[in-house]
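Peer 1: Could you work out the structure for the sequence below:
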Amino acid sequence: MIVTCPNCSTKFNLPEAQAKPGAKLRCSVCKHVFHLPEEAPTEIRLEPDLSLASAAPAHRKKGGGWGWLLTFLLLCAVAGGTWWAWTYTPLFDTVKEMIAPPKKQDPVDLVKNIALRGVRQYNISNEKLGNISVVEGKVVNGFDQPRQLIRIEAALYDAAGNALVSKQQLAGTSLSLFQLQVLGEQELEQALANKIDIMANNTNVLPGSEVRFMVVFYGPPDNAAEYGVKIIDAQIPPVGKDEAK
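Peer 2: From the prediction side, this is the model:
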C-alpha cells in the first residue's frame, strides 16, 4: 500500500499486513505522526521507498540566453574597435612593423652607388692549365651605409661585342702572381672562394671603403677581344652589426 506523509509528501510502500485502518504512522523523514483512516493504537515507523521518489528537477540557470547574447555583442564591439584603430590610427604602427614581412629591395637600388675602380684584364701562362685570363679590380661602397657580400660578374667579348663567356664572383679574395702561375684549377677556385677572406673583407663594408676582386677564366676563347665587369648584387648588413671592422 502506498502511503504519503501529509507533512513532507514523502511516499512510503507500506506492507499490506500493517496497513490496518486507523494505524498510527510515524514518518522516518520528518518524524511527523499521522493515522490511517479509523484510528488504531498501533504505531508504525515508515521508511521511505526511494523507488517512488520523483527525480529532482535539473538545475537550470536563468538568463543564460541573454548572457551569451551580451557576451557576443561585447566581443563584436571589441573586435570592431580594434579593427578601426588598426586601420585608421597610428596606435598599432609599431606592432605592424614588427610583424610585417621584410620588404624586398630592388637589386638595382642595392648596388647603384657601388663603383668599380682599377679594373684590368691580362693573360698568364699557368704551368698546369696553359693560358688563363684574369680580370681584377676593386669595388667601392658609395652608399652612406655599409654594404656586404658584394658580387660582381665579369665577361669576355668578341670584337663585335658578343659575350663569349661570363662568370660571377664574390669580392674579397685575390691571388698572387705566383699562385696564378702554379696552382691547378680546383686550387685556384678554392682560393678565390675562401670564406675566411670573404667574411673578413666583404662584410660590413663601410661607406667609402673598397674591396678587391678577381675572376679567372680557364682556356679563354681565342677570339676574346674585350672584357667587361658589372656589380650584380650586394646586401645590407643586419641591424646592430658593429660599425667598425
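Peer 1: number of nearby residues for residue 122?
Peer 2: 11 (other C-beta atoms under 10 Å). The way it works is simple: take the backbone N, C-alpha and C, and place the C-beta from them, glycine included.
Peer 1: typo on my end, residue 146
Peer 2: Neighbours around residue 146, by other C-beta under 10 Å: 19.
Peer 1: Give me the phi and psi for it.
Peer 2: Main-chain torsions, residue 146, degrees, to the nearest 10: phi -60, psi 160.
Peer 1: What spatial separation is found between it and residue 27?
Peer 2: 96 Å (C-beta to C-beta, to the nearest Å).
Peer 1: Ok, residue 162 next?
Peer 2: Residue 162 is 117 Å from residue 27, by C-beta to C-beta.
Peer 1: Please tell me the pLDDT value assigned to the closest residue to residue 35 other than its chain neighbours.
Peer 2: If the residues on either side of it in the chain are set aside, residue 35 comes closest to residue 24, at 5.5 Å by C-beta to C-beta, 6 or more residues apart in numbering. If you check residue 24, the pLDDT there is 77.
Peer 1: Next SSE downstream of the helix or strand bottoming out on mean pLDDT in the chain?
Peer 2: When the helices and strands of the chain are scored by mean pLDDT, DSSP states H and E, strand 43-46 comes last with a mean of 52. Sequence-wise, the next helix or strand downstream of strand 43-46 (DSSP states H and E) is helix 64-88.
Peer 1: starting at the chain centroid, how far to that following helix?
Peer 2: Centroid separation between helix 64-88 and its chain, computed with C-alpha atoms, centre = their mean, to the nearest Å, is 28 Å.
Peer 1: pLDDT averaged over that helix - what is it?
Peer 2: Mean per-residue pLDDT for helix 64-88: 80.
Peer 1: Give me the buried positions along it.
Peer 2: Going by neighbour count (16 or more other C-beta atoms under 10 Å), nothing in helix 64-88 comes out as buried.
Peer 1: switch to numbering from 31
Peer 2: Got it, the first residue is 31 from now on, which makes the last one we talked about helix 94-118.
Peer 1: Please enumerate the helices of the protein.
Peer 2: 94-118, 123-129, 137-141, 207-212, 215-222, 225-231 (DSSP state H).
Peer 1: Turn the ones you listed into TSV, columns for distance to residue 248.
Peer 2: Formatted as TSV, the helices of the chain follow (distance: least, C-beta to C-beta, whole Å):
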stretch	distance to residue 248
helix 94-118	59
helix 123-129	49
helix 137-141	27
helix 207-212	11
helix 215-222	6
helix 225-231	21
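Peer 1: For residue 251, find the nearest of the ones you listed.
Peer 2: Between residue 251 and those, the tightest spacing by C-beta to C-beta is seen for helix 215-222, at 16.7 Å.
Peer 1: C-alpha coordinates for that closest one, CSV please?
Peer 2: Below are the C-alpha coordinates for helix 215-222, written out as CSV (Å, rounded to 0.1, in the frame of the first residue of the first chain):
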residue,chain,number,x,y,z
GLU,A,215,92.0,24.9,-61.5
GLN,A,216,90.5,23.4,-58.3
GLU,A,217,93.1,25.0,-56.1
LEU,A,218,92.5,28.4,-57.8
GLU,A,219,88.8,28.2,-57.3
GLN,A,220,89.1,27.2,-53.7
ALA,A,221,91.4,30.1,-53.0
LEU,A,222,89.0,32.6,-54.8
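Peer 1: contact partners of that helix?
Peer 2: 158, 159, 199, 203, 205, 209, 210, 213, 244, 245, 246, 248 (C-beta atoms under 8 Å, 6 or more residues apart in numbering).
Peer 1: Pull out the buried residues from these.
Peer 2: 159, 199, 203, 205, 210, 213, 244, 245, 246, 248.
Peer 1: that older thread, for residue 103, state which of the contacts of helix 215-222 is nearest.
Peer 2: Relative to residue 103, the closest of the contacts of helix 215-222 is residue 199; by C-beta to C-beta it sits at 65.2 Å.
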